[in-house]
Structure formats: C-alpha cells, structure tokens
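Q: curious how this folds, go ahead:
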Amino acid sequence: MMAPKRSLALAAEAGKVKFWTHSASAGCMLYLYGASGTTYYYIHLNNDLTKRNDNKGKCVAGTAYAKGLKDGAKVAAGQVVGYVGDSGDANGIHPHLHFELHPSGGKAVDPYQWLQGGQHLLFASGRGTAFTLDLRGTVSAVTADTLRLKATSVTAWPMRQGQPLSLKLLVTVPSSAIVQTVKGIGKPGTPADLLDAKPGQKVQVWTGAAPTTLKAERGDGLVLTASLVSLVSK
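A: Sure thing, here's the model as predicted:
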C-alpha cells in the first residue's frame, strides 16, 4: 500500500506484537498476532532518520515501530504500531507498506476484502495527541445543538492527513461554537442560526482541539464537537 514515508501503520485488530529486525528482504518488520487467531505482517517499515533515504535508523521504537511500543506488547485495534518506510529490498523504492494477512497463522491470503470491510478511520494519531478536523460535505439534518452531515472529505491537523469520504457523521454543536453563512469555503461569513441550515446545503465544520481517542478516530456519534460551522449559501 503506497503511502508517504512515516505514515502511521495501525493495528488491524487487538493482539500482541513482535519485532523482527533480521531480514535483509523484509527490513524492519512487525508481526501482529491478532486475538482472532489471524497473524498480520507489516513489512518494509521505516529505517530513515531524515526525510531522505539515509538508511541511518535502526529497527527500533520511534523509527520503525511506534514510539514507546515494546516488543511483545499488547495493542488495541487501531493503535499505531509502526511507520511506513522503504527498508529491506524496498530500499530506494517509493515508501509503502507490504501488508500480509495469515488466517489462523497459515498461508497468506489477499487482504483486500478484509481491508475494504474493516472500520475506516477519519484520521490516525497517537492516543491523547491533540487533533482538529476540517470536515466538508452537505447538511443532512440539524437540531438546536447537533448537526448531521454527509461528509465528502476530511483533513486532520496538525497531522495533515486528508482523504475523501462518503460517510454520515453526527457532530455536537455547543452554544460556544460559531455558526455562520458564507458565499464559499474560506470566504468571510455572517452570523447565522444552526436551525437555518437546509438539507443538502454545503457545509464546512471545524472541530475544536481535542485529545485523540479511538471513538474520535472512528467519528462515533456526538463524539466530535464543532467550533466553527460555515453554511454555504447558494
């Protein structure tokens, strides 16, 4: 799976990790022994200390594996376990994650259907790390203090992670949030009432800074709290 260098590699399910550091072909590798019995391989993890292909890093936590992660540690689903790179025989090739899925610890199978059917996160970051989301889409429904939107894109800051979406999210809009009408995304706004929002209307929502949790990464209902709601007028 192609990805920028040091992109986060996440635990596919809860389980136990094992570091593997002695393969010339795999480079920095991690095994995840899932609670379901499935074993996952994370291959070609990062071994560079800079943005360049310097190969000066070792297969250790903070470089290849998640900062603070220990060999043999138990991890939760969605937890960061490593960083994408080009170690081993991928050296000098575009950074990517060679991801293998071995049901019951057996032979590898095509992981595509599992990846497609799994829970897709809005963003990924270390637990407790502060984040803010820029959500864009259209209004589905509103109440005096909630907004349901069909999100078409999300960008997470300060991680600068962005992706297209097709997902309905229910966001809390407290009285302290700014609600405004704008003529276009990024344009100056005028104060508005949330109840004036119309189904199908374009909207941009900035969430307030909050600590990362798995519920926030999934976008569970009413977990995300808006700080700014911009309703785009026609």
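
Q: what are the boundaries of the helices in this protein?
A: Using DSSP state H, the helices of the chain run over 112-117, 214-218.

Q: who touches the closest residue to Y31 other than its chain neighbours in this structure?
A: Using C-beta to C-beta, 6 or more residues apart in numbering and skipping the chain neighbours, the partner closest in space to Y31 is K18 (4.3 Å). In short, each C-beta sits where N, CA and C put it, glycine included. With contact set as C-beta atoms under 8 Å, 6 or more residues apart in numbering, K18 has these partners: 30-31, 33, 71-72.

Q: what is the neighbour count of the closest residue to H98 other than its chain neighbours?
A: With sequence-adjacent residues excluded and distances taken as C-beta to C-beta, 6+ apart, H98 is closest to I43, at 3.7 Å. Residues within reach of I43, counting by other C-beta atoms under 10 Å, total 24.

Q: mind checking pLDDT for I43?
A: For I43, the pLDDT comes out at 98.

Q: how much space between it and C28?
A: 8 Å (C-beta to C-beta, to the nearest Å).

Q: name the residues contacting each of these two.
A: With C-beta under 8 Å, 6+ apart, I43 and C28 have common neighbours G88.

Q: what about I185, distance to M29?
A: 42 Å.

Q: off-centre distance for the helix or strand bottoming out on mean pLDDT in the chain?
A: Lowest mean confidence among the helices and strands of the chain (mean pLDDT, DSSP states H and E): helix 112-117, at a mean of 86. Centroid displacement of helix 112-117 relative to its chain, using C-alpha atoms, centre = their mean, to the nearest Å, is 16 Å.

Q: please identify the buried residues of that helix?
A: Buried residues in helix 112-117, counted by 16 or more other C-beta atoms under 10 Å: W114.

Q: between I185 and M29, tell me which one has more neighbours.
A: A direct count of neighbours by other C-beta under 10 Å for I185 and M29 places M29 higher, at 25 against 12.

Q: that one contacts W20, doesn't it?
A: Yes: using C-beta atoms under 8 Å, M29 is in contact with W20, at 4.1 Å.

Q: let me see the mean pLDDT of stretch 207-217.
A: 94.

Q: with only the CA atoms kept, save it in CSV.
A: Included here for stretch 207-217 are C-alpha records, laid out as CSV according to Å, rounded to 0.1, in the frame of the first residue of the first chain:
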residue,chain,number,x,y,z
THR,A,207,-13.9,20.7,15.3
GLY,A,208,-12.4,22.0,18.4
ALA,A,209,-9.0,20.8,19.5
ALA,A,210,-9.4,17.6,21.5
PRO,A,211,-7.3,14.5,22.5
THR,A,212,-7.2,11.6,20.2
THR,A,213,-9.4,8.6,21.1
LEU,A,214,-10.5,5.6,19.1
LYS,A,215,-14.1,6.9,19.2
ALA,A,216,-12.9,10.2,17.7
GLU,A,217,-10.9,8.5,15.0
